[in-house]
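1. sequence first, predicted coordinates after that:
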Amino acid sequence: MDVDREIGYLLKRTQQALRGRIDAALRSFSVTTPQYAVLSSLEAGAELSSAELARRSFVTPQTMNEIVRLLEKNGMVERRGFQGNARMRMVQLTPHGRSSLKRCHQKVREVEDQMLAGIKTRDIARISRLMERCAKNLEG
């Protein structure tokens, strides 16, 4: 069996290369890939708890607390109390976070365009559908 051609290996290899390129692209904005994921999750204007952000970003709640703390320190997000639950803190984007995110999106799009260079639009759509199906198959 040729491991270099197995789907799982190729997915991990692609993910690692993509993560490295996105990390490098975002470095000039002092934003990490996990921080970018958090900012993107908050982009729709919703306030989310750290627990929900952790689930969406595939990190532990402890890691998410550190990510949110750093984003808050850099003025990109703010936390406020949640009605009816004094312990729960909701996270939302600040205007600075929103403007930073727009610049980050452009850099991430450039990396994704590089990754998809030479692949036809219809094939990209098919890859997306197939990847979504694979994820659903494994998630239950």
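-> Received the coordinates, thanks. Numbering: from 1, shown residues only.
2. for stretch 58-78, which outside residues touch it?
-> Contacts with stretch 58-78, where a contact means C-beta atoms under 8 Å, 6 or more residues apart in numbering, come from 30, 32, 34-35, 38-39, 42, 50-51, 53-54, 57, 79, 91-94, 96-97, 100-101. Just so you know, the C-beta spots here come from the backbone N, C-alpha and C atoms, and that holds for glycine as well.
3. meant to ask about stretch 26-41
-> Residues contacting stretch 26-41 (C-beta under 8 Å, 6+ apart): 19, 22-23, 48, 53, 56-57, 59, 63-64, 67-68, 70-71, 74, 76-77, 91, 93, 97, 100-101, 103-105, 107-108.
4. one more time with 6 Å, if that's ok
-> Residues outside stretch 26-41 that contact it (C-beta atoms under 6 Å, 6 or more residues apart in numbering) are 19, 22-23, 53, 56-57, 67, 71, 97, 100-101, 104.
5. right, and the helix or strand after the worst-scoring helix or strand of the chain on mean pLDDT?
-> The helix or strand of the chain with the poorest confidence is strand 85-93; it has a mean of 80 (mean pLDDT, DSSP states H and E). Remark: after strand 85-93, the chain's next helix or strand is helix 95-115, criterion DSSP states H and E.
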